[in-house]
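K.L.:
pasted the sequence and its predicted model underneath.
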Amino acid sequence: MTEQIVNATKRHTVSTLEAIPLTLKLIWSELRWSVVRFLRSVEIRQLEKRLGREYQKLGRLSASEAKDAEEAELCRKQIAFLDKELSFLRQELSDLRQDLIVKRCRKWGLEQAEDQHAEPAS
C-alpha cells in the first residue's frame, strides 16, 4: 500500500509554478459544476413539486365519484412519467459529475484513479 502511494507521488509531482494554474483551473471547474448542479437541482425540485401536486390531484379524484376515472388514470400516468423523469435526472446528474471528474483528470494529465486500478495490490 505504501509503495503505491510512493509511486503515485513520484508520477504526480507538481511544482509550485504548475500547481497555481492547476488550482485556478480546478476552482473555475468547480464553480462551473456548482452552477450546473444548482440549475439541475432547481429543475428536480420543480418536478418534485409537480409530482406532489399530481399525487394531491389523484387523492382528490380517488375520493370523488367514479365519473372521473379517465382523469384519475391520466393522473396515474403523469405520476409514473414524473417519477421516471426524476430518477433519470438524478442519475444523469450523478453520471455528469463522474464524467466531469474523469475528463478533468485526463485533460490535466492527472489520471491517478485509473493508475491505481491498474496496479496490483501489495
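P.N.:
Cool, got the structure.
K.L.:
low pLDDT regions in this structure?
P.N.:
The model of the chain has pLDDT under 70 over residues 1-14, 65-67, 111-122.
K.L.:
now do the strands in the protein.
P.N.:
With DSSP state E as the definition, the chain shows no strands.
K.L.:
so Leu61 versus Arg97, what's the distance?
P.N.:
Using Cβ to Cβ, to the nearest Å, Leu61 is found at 39 Å from Arg97. C-beta: built from backbone N, CA, C; applies to glycine.
K.L.:
more crowded one of the two?
P.N.:
The residue with more neighbours, out of Leu61 and Arg97, is Leu61; 20 against 13, by other Cβ atoms under 10 Å.
K.L.:
residue contacts, the more buried one?
P.N.:
For Leu61, the contact set (Cβ atoms under 8 Å, 6 or more residues apart in numbering) comprises Asp68, Glu71, Ala72, Cys75.
K.L.:
most neighbours among those residues, which one is it?
P.N.:
Neighbour tally across the contacts of Leu61 (other Cβ under 10 Å): the maximum, 21 neighbours, falls on Cys75.
K.L.:
how about that one: what's its closest non-neighbour residue?
P.N.:
Nearest non-adjacent residue to Cys75, counting by Cβ to Cβ, 6 or more residues apart in numbering: Leu58, 4.5 Å away.
K.L.:
for the one you found, grab the count of nearby residues.
P.N.:
Neighbours of Leu58 using other Cβ under 10 Å come to 18.
K.L.:
leaving out sequence neighbours, find the closest residue to Gln78.
P.N.:
Glu54 (5.2 Å).
K.L.:
okay but the one you found is in contact with Ala80, surely?
P.N.:
No - contact criterion Cβ atoms under 8 Å: Glu54 and Ala80 do not qualify, at 9.7 Å.
K.L.:
these two: which has the busier surroundings?
P.N.:
Each of Glu54 and Ala80 has its neighbours counted (other Cβ under 10 Å); Glu54 has more, 20 against 11.
K.L.:
report the longest helix in this structure, please.
P.N.:
In the chain, taking DSSP state H as the definition, the longest helix is helix 16-63.
K.L.:
now find how far off-centre it is within its chain.
P.N.:
Averaging C-alpha positions (Cα atoms, centre = their mean, to the nearest Å) puts helix 16-63 8 Å from its chain's average.
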